[in-house]
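S.K.: Provided below are the primary sequence and the corresponding predicted coordinates.
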Protein chains: 2
Amino acid sequence: MSHPSAPLPLGAVTVTDPFWHAKQELVRTQVIPYQWEALNDRVPGAAPSYVIHNFAAAARQRDRRTAQGAAFKAPTLTNRGFETWPEDSDHPDPDTFYGLVFQDSDLAKFIEAAAYSLAGHPDATLEAEVDAAIDLICSAQLDNGYLCTYYILTGMDQHFTNLEFNHELYCFGHMTEAAVAYHEATGKDALLEAMKRFADYIDSRFGPQEGKLKGYPGHEEAELALVRLHQATGEQRYLDLAKFFLDQRGTDPKYFHLEAERAKAEGYPRAGWDADMAYFQSHEPVREQDEAVGHAVRAGYLYTGMADVARETGDQSLVEACERLWRSIVDRKLYVTGGIGGTVDGEAFSYDYDLPNDLAYSETCAAISLVYFARRMLQLRPRSEYADVMELALYNTVLAGVALDGKSFFYVNPLEVTPEGSAKDSRKRHLKPVRQPWFGCACCPPNLARTVADVASYAWTATDDTLFTHLYVGGQVSAELSGSPVRLDVTANLPWSGEGSAVLHCESGVTGTLAFRLPGWSDADDAALSASAEADGRISREVVDGYVYFTGTWRDGDTVSFDFPMPARVLAANPAVREDTGKVALARGPITFTFEEADNGADLHLLRLDPQALEPGGIAVEPWQGLGKPMVRLRVPVRRLPAAQDAPLYSAYRPQAGQAGQAYAIPYYGWANRGENEMSVWIRA
Amino acid sequence: MSHPSAPLPLGAVTVTDPFWHAKQELVRTQVIPYQWEALNDRVPGAAPSYVIHNFAAAARQRDRRTAQGAAFKAPTLTNRGFETWPEDSDHPDPDTFYGLVFQDSDLAKFIEAAAYSLAGHPDATLEAEVDAAIDLICSAQLDNGYLCTYYILTGMDQHFTNLEFNHELYCFGHMTEAAVAYHEATGKDALLEAMKRFADYIDSRFGPQEGKLKGYPGHEEAELALVRLHQATGEQRYLDLAKFFLDQRGTDPKYFHLEAERAKAEGYPRAGWDADMAYFQSHEPVREQDEAVGHAVRAGYLYTGMADVARETGDQSLVEACERLWRSIVDRKLYVTGGIGGTVDGEAFSYDYDLPNDLAYSETCAAISLVYFARRMLQLRPRSEYADVMELALYNTVLAGVALDGKSFFYVNPLEVTPEGSAKDSRKRHLKPVRQPWFGCACCPPNLARTVADVASYAWTATDDTLFTHLYVGGQVSAELSGSPVRLDVTANLPWSGEGSAVLHCESGVTGTLAFRLPGWSDADDAALSASAEADGRISREVVDGYVYFTGTWRDGDTVSFDFPMPARVLAANPAVREDTGKVALARGPITFTFEEADNGADLHLLRLDPQALEPGGIAVEPWQGLGKPMVRLRVPVRRLPAAQDAPLYSAYRPQAGQAGQAYAIPYYGWANRGENEMSVWIRA
């Protein structure tokens, strides 16, 4: 049980779960096609992305280079900005880079999502689109392997001089993840070969050796991607490079300060802003960090990379740092929706227990990064808390990122919204009361697509002799147990019911362990799980860190049944969370619920939980189809304080019981699918 | 009763009130000398103001002009910024303008404060300082009357081309108020004559006539100052100009847009930023406005000027607009501390009922502007509500602006502060947990000084036959009643006790009315006031709009006694105020109380009012000297919820009664006099 587990290979799982299958179909049939249109700037009413435009421009430049040979003069522009948009979007210059410096990464995430989707559901049209995109990407690559359209198009003279802000290594990381996934899904290796060449070029420029750059990514991502590339290729240098980036990070003198000084000394312009080193998690060496700080997505990707390198190298000091950072998030900086990053300033973690609801940032990508970090922690050591948090982020904030029709997206996921506040209060201008079609900075939609399409990799991991079920997702799981092929057929009905089973298909006499998580949201002890083969003593059970390990000799048809009670839960925050003092939130199973104006009228702040709700069965659980999909909603006894629109602003306080009634809470991920309206996760107790 | 009243002339009142006399002595002995040092850049550790520097530079330029005659070349700089500070503050260039474009106004407010102080307390040293300052100001004035050091020093070629941002008319207004006050206090007219010449110049450039500018001030203040100049000089043109500015404001096309277009067309630089017209209250004609919007100080000064012009011209449409704007503030946009301006963005009014406590702006100057507006509304029509709000702003937010030792100042007056939030949360960087010594933008300290020094003008106003007591301030008030001189000796002990008397000294047989306000904070009806001469029928009473009018034939020694009960009050906000839902604030008399960590320990959000507090006498009123001054504090039965520092972030909700105990609430104006600590006006009910 103590050596690391790994996700199953792509294609090893067929997701049949009614909930997740529907979400994956939404990604396959709506989100991915929509995103392909968006990358090609063909979505009416959405801001052009210029992603394909940039690659096409870089590929044309390569043609000119080839045609002109030594006569070719590369651009050496000085007007490089963190973002560049055409003055006239109907007539962009065909040879100019547009968008944010990391615009390439949107295409990478799209390809990665497409790869996961193709692995589960072949689709010749999509595969042809991706192949065409990969052709284009490869056409843009420089002979030395460099592949970031921003510098190719604005001039290579200053590449790798602004690691702090310019995201070349971030784009490399995402494209590498895409390359590995696409190779695994289709066997095609054009992109993988291209990214190996880019990795080799980076490796030739960065490292501990004399004369190499001592820098590291301003936006972490390359670290985890290099580990993935190492796993896909077996190449040790890629792992070493990932570790080098981690080892360098936060050492003195700070590399980003040196970069800025050099830019000043040499007089070249530098895109960026005054950000303190904590924004980049480069305020101190990573092994000394014990508080999650700075830009939340950067942080999540860094911690994921740290756990990856820790797992591959056995570096215990990295494991311990990951555990401290995990505790910092989970004990003091996590929303009840699984979101992280409380403040819009720097899209960052705020200080301990500062979790504002109506000013929350809680970026979709940050929740995704938490899912990644949690999966790596699970691989290092199976503890149900890691899976609980992973599940919370996935079912709530990640899924809230996309509309039920797959056509619009949240970047920011507040826990309380009033349309009036979003419209009139400039402090809340980041809080949209409805999802938006596409963003100039479109990191979240494709990130969400790749995560949903790859849900199997979060649900199951395996070691040589143990198959872990972390999330109860219905599906057919092909794996090996002690060298023998097995198939686990899981039937589940999460998140609406906690009942289900896993039937093992195997040759008789396979030995090994099937491990199942005891969900933290269930009060049940391990008796909620039972294996049919326990009766005859073939299989024994052990409970460690919230996992039930069934170990022994299996026969075809052996079944593990589970039945986790799923009562509605009334939650309170730690009293240190000022924003939530005196308030409650509702949850059931992995789902966090929320109140919307559409069900409850306006002025949700006037709702108070009726003490009746705390009695057994006080909150009714109702099947609900109000958003056109099967869901469950909660009917909650409340007291509603009367509004007093014409009353004075201040008057003598009189305790009021409020009018008894019912309110309805719906799954958080489903909010804002009925137009602009008020929403609040927390109501007063 | 229906014609407007006016404040009494400077010097007509000697304030003997223990509370206000002490505050005025603080202003006289601490704040004014400190500010003189600050204006001269001699306060160690405070940012230099460059105020005297700028006038001295302008005066030296005049000397050069005189010496060089036609050969003198005025500067025509193009690098004009909204603020300019020297690169090396130890070596500022002696001929360069530094500071914000409205830096001159700090000296104006200082002179005005000094004038009020000198009227009540002659002081040869102070008067000599002011005379020297006035000499300097007059030396800086141009021959045509123009007097704003910003354009004199940066080049007059573009004066009056950026009314939107460049504050020339604002500085004119403040210096004019200073001139009128100093003339009234000392009889000296050098500054008054200078400001008349500036007013004449402005009048020659602005007006409805062909060829004159059709603009109006970007920061209102000139309007009310011109009315004051009109009253001091009898000159009708000044009133007409004030009315012209009001009539023009908000008409289409917007003057500020025309200015910006002209700057673009002619290619000159323009200090400023993208502000919508509501920021300047120029989004629509003033007579059509019915919601208080935009920068709160600008708004307060505008509304004051509107009420001034309404009073002087009898313009009923202006009266009605003032009444609508008053209701907008008082019914929907006023803090329980008398502060206004809920949002830091634009230092502005937020939308209806949006009154955040921990993000409040509530600028000291904005509360001062509300005091001014309220006094003008009282002059138009005596209604106790106007005086209630004036008193609330004065005793709470205005006085909170200065430390009890007179040496540091709040610009922003939140209703809830945690030092950790102020230090770590960039959304709260405007919220200081302790007062600051001086500000680069130092509008508030001198504004506060002039208001406190002039408290008599808010306490009493008079018509020919009626002397109004709006605020119960102890003092000797000289006035005329139906042409006969009278003196009203008021003894009061506000804000700590509601008991006192007013003894009239006069020749026998004087007829007229003494009117006294029934404070809104007292439950008492008019029986709380009684006149000794009511018994023999010489004096009758009438109650109108919260004022008790005692009318008849007076004899020397006639006494009006008052005894307003002053129980501790537990207040609730209108349920539409989301921030205050389920919370209470405490008040007694005109004082709003607050809870500080120094008295109650940290984690004030864990305090809940114990229902015992609602019983008669449940809240104890205690004399208190804890801050070195006589005050009253409230001992409040509370329940304290336990902290749970090591508990999980989220867990099952369990109702908790909390531990019974006592908390202490102190006057809001006294908070933050014991170092950095938590503070909260509202606690949970």
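M.R.: Perfect, I can see it now.
S.K.: what residues does the stretch 351-500 of chain A put near chain B?
M.R.: The stretch 351-500 of chain A comes close to chain B at residues A:351, A:354, A:359, A:418, A:420-421, A:424-427, as judged by Cβ under 8 Å from any Cβ of the partner chain. Backbone N, C-alpha and C define where each C-beta goes, glycine included.
S.K.: rerun that using 7 Å as the cut-off
M.R.: A:351, A:354, A:359, A:420, A:424-427 (Cβ under 7 Å from any Cβ of the partner chain).
S.K.: make TSV out of those and add distance to residue B:563.
M.R.: Listed next are those as TSV, based on distance: Cβ to Cβ, whole Å:
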residue	distance to residue B:563
A:351	50
A:354	48
A:359	47
A:420	45
A:424	45
A:425	45
A:426	48
A:427	46
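S.K.: redo the residues you listed as CSV? Include secondary structure.
M.R.: Shown next, in CSV, are those (DSSP: H, G, I helix; E, B strand; the rest coil):
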residue, secondary structure
A:351, coil
A:354, coil
A:359, coil
A:420, helix
A:424, helix
A:425, coil
A:426, helix
A:427, helix
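S.K.: list buried residues within the residues you listed.
M.R.: Among these, the ones that count as buried by 16 or more other Cβ atoms under 10 Å in any protein chain shown are A:351, A:354, A:359, A:420, A:425, A:427.
S.K.: quick one: which of those is nearest chain B?
M.R.: Set against chain B, the nearest of those by Cβ to the nearest Cβ is residue A:351 (4.2 Å).
S.K.: hang on, the earlier thing: with pLDDT added, can I get the buried ones among the residues of the stretch 351-500 of chain A next to chain B in TSV?
M.R.: Listed next are these as TSV, based on pLDDT from 0 to 100:
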residue	pLDDT
A:351	96
A:354	96
A:359	92
A:420	92
A:425	85
A:427	82
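S.K.: which residues touch residue A:514?
M.R.: By Cβ atoms under 7 Å, 6 or more residues apart in numbering or on different chains, the contact list for residue A:514 reads A:467, A:504, A:550, A:560.
S.K.: thought the last one was touching residue A:515?
M.R.: No - in this structure, residue A:560 sits apart from residue A:515 without contact. The criterion is Cβ atoms under 7 Å, and the distance is 10.0 Å.
S.K.: of the contacts of residue A:514, which belong to strands?
M.R.: Judged by DSSP state E, strands contain the following of the contacts of residue A:514: A:467, A:504, A:550, A:560.
S.K.: now the second one: how far from residue A:458?
M.R.: Meaning residue A:504. From residue A:504 over to residue A:458 the distance is 21 Å, taken as Cβ to Cβ, to the nearest Å.
S.K.: residue A:542 falls within a strand, correct?
M.R.: Yes - counting by three-state DSSP, one finds residue A:542 located in a strand.
S.K.: quick check: residue A:15 vs residue A:682, distance?
M.R.: Distance of residue A:15 to residue A:682, given as Cβ to Cβ: 33 Å.
S.K.: looking at these two, which one has more neighbours?
M.R.: A side-by-side neighbour count of residue A:15 and residue A:682, using other Cβ atoms under 10 Å in any protein chain shown, places residue A:682 first with 25 against 22.
S.K.: that one reaches residue A:582, doesn't it?
M.R.: No - the criterion here is Cβ under 7 Å, and residue A:682 misses it with residue A:582 at 9.4 Å.
S.K.: what sits up against the helix-or-strand element of chain A with minimal mean pLDDT?
M.R.: Lowest on mean pLDDT, DSSP states H and E among the helices and strands of chain A sits strand A:83-84, with a mean of 87. Strand A:83-84 has contacts (Cβ under 7 Å, 6+ apart) with A:97-100.
S.K.: kindly recompute the last result at 8 Å.
M.R.: For strand A:83-84, contacts defined as Cβ atoms under 8 Å, 6 or more residues apart in numbering or on different chains pick out A:96-101, A:440.
S.K.: repeat for stretch A:309-317
M.R.: Under the contact criterion Cβ under 8 Å, 6+ apart, stretch A:309-317 has outside partners A:4, A:223, A:227, A:230-231, A:239, A:242-243, A:246, A:287, A:318-319, A:322, A:376, A:379-380.
S.K.: still on that earlier bit, state the pair within the buried ones among the residues of the stretch 351-500 of chain A next to chain B that is farthest apart.
M.R.: Maximum pairwise distance in those, criterion Cβ to Cβ, is 28.4 Å, between A:351 and A:420.
S.K.: for the most centrally placed residue in chain A, give me its contacts.
M.R.: Among the residues of chain A, the one closest to the centroid is residue A:368, at 1.1 Å (Cα atoms, centre = their mean). Contacts for residue A:368 were tallied using Cβ under 8 Å, 6+ apart; they are A:297, A:300, A:393, A:398, A:447-448, A:451.
S.K.: where does it fall, secondary structure wise?
M.R.: helix A:364-380 (DSSP states H and E).
S.K.: now do that helix, average pLDDT.
M.R.: In this model, helix A:364-380 carries a mean pLDDT of 98.
S.K.: which strands and helices lie in contact with the next helix or strand after that helix?
M.R.: Counting by DSSP H and E, the next helix or strand C-terminal to helix A:364-380 is helix A:384-392. Applying 3 or more Cβ pairs under 8 Å, 6 or more residues apart in numbering or on different chains; DSSP states H and E, we find helix A:384-392 packed against helix A:316-332, helix A:364-380.
S.K.: point out the most buried one among these.
M.R.: Per residue and on average, the most neighbours among the helices and strands packed on helix A:384-392 fall to helix A:364-380, with a mean of 26 (mean count of other Cβ atoms under 10 Å in any protein chain shown).
S.K.: now do that one against helix A:384-392, angle only.
M.R.: 150 degrees (axes from the mean of the first three to the mean of the last three Cα atoms, to 10 degrees).
S.K.: which strands border the least confident helix or strand of chain A, and is each parallel or antiparallel?
M.R.: strand A:99-100 (antiparallel) (DSSP bridges).
S.K.: got the contact list for the partner strand?
M.R.: Against strand A:99-100 from outside (Cβ under 8 Å, 6+ apart): A:49-51, A:54, A:82-85, A:167, A:440-441.
S.K.: try it again with 10 Å
M.R.: A:47-51, A:53-54, A:81-85, A:106, A:149-150, A:167, A:271, A:439-443 (Cβ atoms under 10 Å, 6 or more residues apart in numbering or on different chains).
S.K.: select only the buried ones of those residues in PyMOL?
M.R.: To isolate the buried ones among the contacts of strand A:99-100 in PyMOL, judged by 16+ other Cβ under 10 Å, type:
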select buried, chain A and resi 47+48+49+50+51+53+54+84+106+149+150+167+271+439+442+443
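S.K.: which members of the contacts of strand A:99-100 occur in helices, if any?
M.R.: A:51, A:53-54, A:106, A:149-150 (DSSP state H).
S.K.: with pLDDT and distance to residue B:216 added, can I get the residues you listed in a markdown table?
M.R.: As requested, those are exported to a markdown table (pLDDT from 0 to 100; distance: Cβ to Cβ, whole Å):
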| residue | pLDDT | distance to residue B:216 |
| --- | --- | --- |
| A:51 | 95 | 49 |
| A:53 | 96 | 48 |
| A:54 | 96 | 49 |
| A:106 | 94 | 49 |
| A:149 | 96 | 51 |
| A:150 | 95 | 48 |
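S.K.: distance to residue B:618 for those residues - can I get that in JSON lines?
M.R.: Formatted as JSON lines, the ones in helices among the contacts of strand A:99-100 follow (distance: Cβ to Cβ, whole Å):
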{"residue": "A:51", "distance to residue B:618": "66"}
{"residue": "A:53", "distance to residue B:618": "71"}
{"residue": "A:54", "distance to residue B:618": "70"}
{"residue": "A:106", "distance to residue B:618": "62"}
{"residue": "A:149", "distance to residue B:618": "71"}
{"residue": "A:150", "distance to residue B:618": "67"}
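S.K.: quick one: which of those is nearest residue B:330?
M.R.: Among these, residue A:106 lies closest to residue B:330 (Cβ to Cβ), at 51.3 Å.
S.K.: residue ranges for the helices of the stretch 451-600 of chain A, please.
M.R.: A:456-459, A:597-600 (DSSP state H, counting those that start in this stretch).
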